[in-house]
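*Asks:* Using only what follows, build the 3D model:
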Amino acid sequence: PEHIALIFKSVILQYAGYFKEIVFSVIDDHNTGQHLNPNGNFLPFQQVLDKYVAYPPTVQAIGMSLGPCRLIRSKVNSNSIAVNEFIVRDIEPCEHAAYCENLNDQNHCHSYYHPPLCPSSSECTENNDDVHCQMFVHRKNCRDGGRCALTDARHLANFDHPDYCSDGGHCTNMRTDHLNLYRHVPICENGIDCDLKYRRVAEHLTKFRHCQRPCEFGGNCIRYHDQKHITNEQHPFNLPCPYTPFSCKMFAKLLQPSNEQNSSPNANEMNEIKRHCYRYSHVCPWGRLCNDQSEEHLSTTIHIAREMCPSGSSPCTQMMKEDHLDSFSHANVRDIRLLCRYPGSECRDRSKPDHIIKYRHNYTLDYLGVAQYFALNKRINFIQNQTEMIQMIRNYVERVYGMAWKNISVSQDLLKWIDAVLPVHRCVAPIFESILVHGHVMSRSHMERLKDPTFVVDTVYQHKRVRKILIRYGPAFQNDVREFIEALVCMEFKKVKNNNLLEEIEGNSSQGFEYRIHSKEQVLIRNLNKSDIDEIRLCTKQITQASIQLHNNMTGIGHEGDLEFGTNQQVFSILGPNTASYYGDIVIVFKRDIMLHPDSNFTMQAATMYKEKTYNCRPWIKNPGSFSGYIKRFHSTKLHCSIPGYDYITALELKAIIGLKHQTMDVDLSNIIDRYKCVDAHQVIEAHLPQLIPLSYIDHIIMPKNVFESLSPEAQKNARELFPHNLTITKHIVNLSIDVRTLSNPDTSRKDYANYVFDQVLSLIKRQQEQQSIMSNSRLLSSYGMTITIPAKNFETYIAYPLTITQSYQQYLSQSNRTTTSDGCIYIYWKAIRGDFMLILTNQMIESGTVQHNLIYLTCYIAPFVTNTNSDPNYNEHYSYINHWPPSSHQTVLEQQNFKAGSNIFHKGCNPDDYVFYCLKLNPQTGQVSLMNVGVNGIYNHTILKCTFEKKDLDLSLLDYIHVSAGRQSVSIRNLVISHEMITEAHPKFDKQFVSHNHNTHSKSGTSSSKHKESLPDEVGNNNDGTNQSFGHRAFGMVKGIFGYKKKEEDNDKNEQQKDHQQIGHLTPCKNSIYCLDQYSLEESFSHNQTYSHPCRFSELCRKNNTKPHCIQFTHSKHDVPKCHHDTNCTQVNDPVHRCSYRHTDLPDYLYPCRDQQKCHNSTFEHRKKYFHGEPIDLPSKKSSA
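*Replies:* Residues are numbered from 1 along each chain as shown. Down below sits the predicted model:
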């Protein structure tokens, strides 16, 4: 009877809505109460059907039966439903009925009859009714629920989906539970800013929703500076600060209130900081490794997921490489390290691993001064020189030595030494005094220009004393200072009764100069104090007077032929230890950067050797036999350190020269260093440096004690002030009565000094090698490429890269044994500080002052950084752009915004404290050009300027020369290189697969998924060097520090070394101690932890037990227990009593209290290792405080 009753029930469900009431008359039969029918007939019918109410289906779907009719797909319109009459025994029933596995097979369904779909659809509650399940087909619920985006018929036939939201296109509810509960019409692709929405087009508003869609990356979104993206998509964090992650001064003070680069905030400023940091979100320095899951932290920070270090669980061997630390995440290391209080050049701890992994450095104050560019190498083809020099050595070795070229190799240690070797200059005391006054080392050719006031103005303006004053000011004010200097220089020249000098400034009276000086001084006094103005005035006067005197009495050794060889235009030095005592006892070691200047070059021997001696020392070079031939040969063997491959040919030359006597190429680095000691300086590598070298390019100065004492008192004072850390005055006493120019070898008084200098130079080279290993993983990006500081010339002068694209491409093909590049693209990489410069590609070298009718341009302008960070909530950066107009049209282009591609947020999110790394990508085949930020800025800034040129507008394949030019401020550029393959190290990636605890879009509003989430407390940062705190707690601690302590303690707080022994008061202890659940509650923790303190889980071993904000809220009683002898291999770390009784490496003494306590059903090892559940724990007495 029950089976029959259930059949009736299923039929009634199918006919629901056809009948108002159905009455059954049921009588018991003779088997009632017997074995066959113990309950009779009436009782089963009553239990199944009495008071049963059946409702017609709310959603009618194809495959359902409504009474005698079956719903089928319309033959006219496949998207509509048609009604088909049911005919009994029309086709044969399928033996599997509702359980058939071929319900999606149309041929099968046409041949066999199957039961209809259940009218209750996904809301069916009769899953335990076998009869019901046999009489109706039940589709499974789609696992994506209302979020399902599939529309194919097969999927819709197989799975049940929720009803559509009744609000249709007007629904703006993006809560997770609502989206799962109902299906929705799609979100308009134009988002909130849709024009049709504002025009109220009814049909469009019905078919599409206009609301924020959830961002697929949630709290890990990398497009936080994309205003359109932030507007159209929903994120769990507040509106991002436009200056995060590197430029927000308020957030920097929050992280490092005691950093001397930031003054400690006062009460009002602290309130402003709190208000700003609660209102705007900032990038969390810990990135993907952050373990703060508090709601306040997730709503006010963005967690960018870098890729983890490729070393994985193995120890990373590149922790001293800053590029590597900036590109990958490492355990216990911030993605964005704290900013060291000392600039990069002044930090004494840069070589310490513990310092490097914790701090980054400001390099904007270290940029080199302007070494003027005079295009001295514009006629030199360095690639051709390399190729011919290698071929000459190869021919000689194979012909004379009988050696196979494939057996000739160059060791890596020799190449690295060549890449780090420093240029060393020597001079006598009078010249050194002149260098100090002028602030430059200069060539004889430049001394002749000192009759021109313009050159003197440039010299003063770039002097280290002046640059130190102006470094904080913008280009407009710096131009005012320059005009002030110009008037002072002209006034000094006017005082000299010399017609040759007066010609340059004829027509200007002394009264006119005095007026200009006075008017400019009135402008300067508004920004500079009187001592700074007096310093500029004194520096100008000293340099001008010294220039006039030096021009009249030029110093230095002038060799015969310098003018013909052109070496009089450059500063001489030896690349490596300089043993030429006859040049002077004062040794000036230049920074490696000067060798990357476009005017620098070097030859394997001095220019004077090319007259005769070179061809005996290097017989593979043919003697041209004429003076003009000597000059040509000299230029054809010049090399440049910015051109890849120079180190290889240099190594071959050194090996060949040293091995010549024994006809061998088996020469190592020690042999090369020994040769520097034995031969005259003219026979080793001679470097030819730019005409005018600022003091900022000097790495170190060495001189004997009595030579220093022979300098004037003013010179001694200036030397100590200008070189406080890199001036070495040795104890040696040399014979000053000897004219050093007569010495071929050091005399007796100079031998010990010569050995000392030799060893010091080698140690400086070794230090350079170590620094280069720190800077970058790529040798191409650290050892090569043009490095120069471009003067502010309003884009009127152009500096050419000494390598053309064609030359670079030919070198690439010859070295890679390829016939083409892998992707057909050209990549130009470079680093720069400040912006406001252009990278210009042309088909010919630009000749300033020359009419060039056939020039074609690709102009890439990089705008300066925003300087008014935090003072203006609106980000106001000038446009960076790409176009094919000449640089002279720059102002017109900006005013009319007439460019192929442009952006006024190109630097948004970039680090202004370091060189910014750029990449220009060209595809000559497609005409596509892309300009982007790479390196660490490529992680936090994703603005790419991209455009495509038609060949009729600009044929990229014709571009060959690369120039740089600056606008209204000088710009420092480093390592400009051409590559024909993408340098992967320069393009760190965002981990798109990473999903963190802050991924849920609605975590901020409390509608996160129901998955259990335990929030972590403040002191969990002990595993992250004790500084990973949510900023809310950090701000609270800072406020307590400001209002709750004496001024003296505030001052001491600036110095980390003085924190150790300060007395710190605690809050009232919480009565629940380690069992307290409120201290970790999202709702109660903030107010509770401001009122009560709790035992720190790490006891007295806590790394933050001397940090006020932490120690206010946590106590650190001494927990005197032994260390577990199993330690890291212990299997009882999930036992809270064992954990309290024994110490384990990197694990706390106490666990977190689980919020479910004894009701917790999670018995996994990982959970129990982290949480305890009310077990009785013996705490140490309060008297045993650490």
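
*Asks:* going forward, measure contacts between C-alpha atoms and count neighbours the same way
*Replies:* Noted.

*Asks:* Show me how this protein divides into domains.
*Replies:* Annotated domains of the chain cover 2-160, 168-211, 382-427+570-772, 444-552, 780-986 [automatic domain parsing].

*Asks:* looking at the ones you listed, which is closest to Tyr1171?
*Replies:* Set against Tyr1171 and scored by CA to CA, the domains of the chain come closest in domain 168-211, at 28.9 Å.

*Asks:* So what's the gap between that closest one and the chain middle?
*Replies:* 37 Å (CA atoms, centre = their mean, to the nearest Å).

*Asks:* How about stretch 586-597?
*Replies:* Centre-to-centre, stretch 586-597 and its host chain are 29 Å apart (CA atoms, centre = their mean).

*Asks:* I'd like the domains of the chain written out as CSV, with distance to Pro285, mean neighbour count and mean pLDDT added.
*Replies:* Output for the domains of the chain, formatted as CSV (distance: least, CA to CA, whole Å; neighbours: other CA atoms under 10 Å; pLDDT from 0 to 100):
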stretch, distance to Pro285, mean neighbour count, mean pLDDT
domain 2-160, 34, 15, 81
domain 168-211, 29, 16, 88
domain 382-427+570-772, 25, 18, 94
domain 444-552, 27, 17, 82
domain 780-986, 12, 19, 92
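
*Asks:* didn't Leu338 look like it was pressed against Ile356?
*Replies:* No - with contacts counted by CA atoms under 8 Å, Leu338 stays clear of Ile356, the gap being 9.9 Å.

*Asks:* Give me the more crowded residue out of the two.
*Replies:* For Leu338 versus Ile356, the count of surrounding residues by other CA atoms under 10 Å is larger for Ile356: 21 against 18.

*Asks:* Pipe the domains of the chain into TSV and attach distance to Arg1103 per row.
*Replies:* TSV is the format used below for the domains of the chain (distance: least, CA to CA, whole Å):
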stretch	distance to Arg1103
domain 2-160	46
domain 168-211	40
domain 382-427+570-772	31
domain 444-552	37
domain 780-986	29
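
*Asks:* Can you say which of the ones you listed is nearest to Asn232?
*Replies:* Comparing those by CA to CA, domain 168-211 comes nearest, at 5.4 Å.

*Asks:* end-to-end on the closest one?
*Replies:* 12 Å (CA to CA, to the nearest Å).

*Asks:* repeat for stretch 418-438
*Replies:* Terminal residues of stretch 418-438 lie 31 Å apart, using CA to CA.

*Asks:* same thing with stretch 962-970?
*Replies:* End-to-end distance for stretch 962-970, by CA to CA: 18 Å.

*Asks:* what do you get for stretch 582-598?
*Replies:* Stretch 582-598 end-to-end distance (CA to CA) = 29 Å.

*Asks:* Check stretch 198-216 too.
*Replies:* End-to-end distance of stretch 198-216 (CA to CA): 27 Å.

*Asks:* That one: how far from the chain's middle?
*Replies:* 37 Å.

*Asks:* got a list of what Asp532 touches?
*Replies:* Applying CA atoms under 8 Å, 6 or more residues apart in numbering to Asp532 gives the contacts Ile469.

*Asks:* go on, the one 3 residues further on?
*Replies:* Contact partners of Glu535, counting by CA under 8 Å, 6+ apart, are 465-466.

*Asks:* Find the helix or strand that it is a member of.
*Replies:* If you go by DSSP states H and E, Glu535 is part of helix 530-552.

*Asks:* Show the subsequent helix or strand relative to that helix.
*Replies:* Moving toward the C-terminus from helix 530-552, the next helix or strand (DSSP H and E) is helix 562-565.

*Asks:* And the helices in the stretch 601-750 of the chain, which stretches?
*Replies:* Counting by DSSP state H, counting those that start in this stretch, the stretch 601-750 of the chain has helices at residues 614-617, 627-636, 646-659, 669-678, 705-709, 713-722.

*Asks:* Tell me the bridge partners for the nearest residue to Ser979 once chain neighbours are set aside.
*Replies:* What sits nearest to Ser979 in space, not counting adjacent residues and going by CA to CA, 6 or more residues apart in numbering, is Tyr827, at 5.0 Å. Judged by DSSP bridges, the bridge partners of Tyr827 are Lys921, Ser979.

*Asks:* Tyr827 and Leu976 touch, don't they?
*Replies:* No - the criterion here is CA under 8 Å, and Tyr827 misses it with Leu976 at 10.6 Å.

*Asks:* And the helices in the stretch 451-600 of the chain, which stretches?
*Replies:* So, for the stretch 451-600 of the chain - with DSSP H, counting those that start in this stretch - the helices run 453-461, 464-470, 475-495, 499-502, 510-524, 530-552, 562-565.

*Asks:* can you list the ones you listed in TSV and add distance to Gly33?
*Replies:* What follows is the helices of the stretch 451-600 of the chain, written out as TSV (distance: least, CA to CA, whole Å):
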stretch	distance to Gly33
helix 453-461	117
helix 464-470	109
helix 475-495	107
helix 499-502	136
helix 510-524	115
helix 530-552	116
helix 562-565	128
